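*Asks:* I would like to see how this sequence folds:
(chains A and B)
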Amino acid sequence: MDASPLAPEILFLVGPVPISRPVVTTWVIMIAVVGLCRLGTRRAGIHGGTLQTVLEITVETMADQLRDILRRDPWPFLPLLGTLFVFLVFANLTTVIPGMKPPTGHVETPAALAAIVFFSVHFFGIRSRGAVDYAARYLKPNPVLLPLNVLAEITRTFSLMIRLFGNMMSHEFVIAIVVFMAGLFLPIPFMLLGILIGIIQAYIFTILAAVFIGAAVGNGEGG
Amino acid sequence: MQIDWWTLALQAVNFLVLVWLLWRFLFRPVKDVIEKRKSLADEAFVRADAKAAEAEAARERFEAQSAALAQERQDLLRKIHQEIEGERSETLEAARREAESMIEEARETTKKERARTVRELRDQVAEMAVDLAADLLSKTGAVSADEFLADLADRQLSAMSEADRNRLREDLAANDACLRVVTAKPIARQQQTQWKKRLGGHLGHEERIEFTVAPGILGGLELRFPHNVIRFTWADQLRRAKELIRGDDTPS
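*Replies:* Okay, here's the model as predicted:
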């Protein structure tokens, strides 16, 4: 029986741990991103170079966006949300590199990210408001709605995962089908569309994560 | 759909490691740079504010000094004007006083000069009148006038109080005393006899009456007692007239 096309391709084993293609791709992305950042901030100073300036603009833009959403100092949340956006952008854009497949095209990666967002929401919420106050929000506006509130927490995380996975996976399939049917040059517009979809999905995923965290920590309180 | 849990776990770990790595190599350095730049900007703003405050203070000092200088200039001008006005007033007052003094002095001088001139004129007029009268009297002889004065002497002696006449009689009663009748010209013996009778009627001691000539009396007669002199002479009358002309009312 043929393997499922949705299943990740196992490249090698490290002991009992199977190392799949998305994991390896993620490592490559991590090395590239960290190398780029290390290169840009190696001699970080007041008068930085071009790469440092680009990185500063990127980080400050993300910080401004998060400040608008969270209504508070974005720096405590920036490592998580900023890394989420950067990783998703790079991961989604691997679709345009020949021979590489985006790790977000397999459900494990969006699931891992959604799980991290899920736990981060609770972590930041409890740290900001306290456990009791944070738990009490599930009883509002009426304690009867507690099951629905808990279900909403799960379903919104699930939708976050499925949205990213569905878009990237479908785009990957569409590209494969078009290449199979029309040759090599016809998919180029679809690849450009893929760039747009990848950036938009990264933005949507990050913004939704920020909205969830912002709702958990409460708006306009604290620094 | 099949999920590879190993892949899921590894991706979760990978992402968390990436979060740490980016915090270490991206977000923290950029945050440090931003904060350092913000700190420098704040310092620059503080310095700029300090400079602005310093400039403002300097401007205020300058304006205060300018105002003080202007005020001082105004005060100096006012003081100078006051001093000039004072000196002018003093000078005018001194000139006015000096002019008044000069005018007063001139008035005094003029007054004295006029008085002196008037007095000299009066003296000259009196001298001329006396000289003229004396000349006329000497040329005319004026016997009738002498008679008039003799009658005047007679009436004067008659009008005297008895006490005065007694004092004159006592004066004549002394040893070797005589009544010397002085005339300007020698008179005849007959006329001497008449006068002796008339004088003796008043004074007694007819034998002690003597006659003497003194042209200086111009006319009339002069009764010289040992201790009194009674004048009824033209010279005496002219002297009185002269004194009256000169304004000297003091009786002689």
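*Asks:* list the buried ones in the helix or strand hosting residue A:39?
*Replies:* Using DSSP states H and E, the secondary-structure element containing residue A:39 is helix A:21-41. Neighbour counts over helix A:21-41 (16 or more other Cβ atoms under 10 Å in any protein chain shown) mark A:21-27, A:29-30, A:33-34, A:36-37, A:40-41 as buried. C-beta coordinates here come from the backbone N, C-alpha and C atoms, glycine included.
*Asks:* could you point out which element follows that helix?
*Replies:* Past helix A:21-41, further along toward the C-terminus, the next helix or strand under DSSP H and E is helix A:50-70.
*Asks:* now do that next one: which elements does it pack against?
*Replies:* Packed against helix A:50-70, as judged by 3 or more Cβ pairs under 8 Å, 6 or more residues apart in numbering or on different chains; DSSP states H and E, are the following elements: helix A:21-41, helix A:78-93, helix A:187-217, helix B:28-140.
*Asks:* work out the gap between stretch B:56-75 and the centre of the chain.
*Replies:* In this view, stretch B:56-75 has its centroid 51 Å away from the chain centroid, taken as Cα atoms, centre = their mean, to the nearest Å.
*Asks:* what stretches of the chain score poorly on pLDDT?
*Replies:* With no chain named, the answer covers chain A. Counting by pLDDT under 70, chain A contains low-confidence residues at A:1-5, A:184-187, A:219-223.
*Asks:* actually chain B
*Replies:* Applying pLDDT under 70 to chain B picks out residues B:1, B:135-146, B:175, B:246-252.
*Asks:* 90 - rerun?
*Replies:* B:1-4, B:34, B:37, B:105-252 (pLDDT under 90).
*Asks:* what residues does it put near chain A?
*Replies:* B:1-12, B:14-23, B:25-27, B:29-34, B:36-37, B:40 (Cβ under 8 Å from any Cβ of the partner chain).
*Asks:* now do 10 Å
*Replies:* Taking Cβ under 10 Å from any Cβ of the partner chain as the criterion, chain B approaches chain A at residues B:1-37, B:39-40.
*Asks:* which ones are touching the closest residue to residue B:10 other than its chain neighbours?
*Replies:* The shortest distance from residue B:10 to any non-neighbouring residue, by Cβ to Cβ, 6 or more residues apart in numbering or on different chains, is to residue A:23 (4.8 Å). Contact partners of residue A:23, counting by Cβ atoms under 10 Å, 6 or more residues apart in numbering or on different chains, are A:8, A:10-11, A:14, A:17, A:103, A:106, A:108-109, B:4, B:6-11, B:13-14.
*Asks:* what's the PyMOL line that selects buried ones from those residues?
*Replies:* Paste this into PyMOL to select the buried members of those, with burial taken from 16+ other Cβ under 10 Å:
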select buried, (chain A and resi 8+103+106+108+109) or (chain B and resi 4+6+7+8+10+11+14)
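*Asks:* now, the contacts of residue A:23 that are in helices?
*Replies:* With helices taken from DSSP state H, the overlap with the contacts of residue A:23 comprises A:108, A:109, B:6, B:7, B:8, B:9, B:10, B:11, B:13, B:14.
*Asks:* and residue B:174, how many neighbours?
*Replies:* 11 (other Cβ atoms under 10 Å in any protein chain shown).
*Asks:* list the contacts for the residue nearest to residue A:67 when sequence neighbours are not counted?
*Replies:* Spatial nearest neighbour of residue A:67, excluding adjacent residues (Cβ to Cβ, 6+ apart): residue A:74 at 4.7 Å. For residue A:74, the residues meeting the contact criterion (Cβ under 10 Å, 6+ apart) are A:62, A:63, A:64, A:65, A:66, A:67, A:68, A:81, A:82, A:210, A:223.
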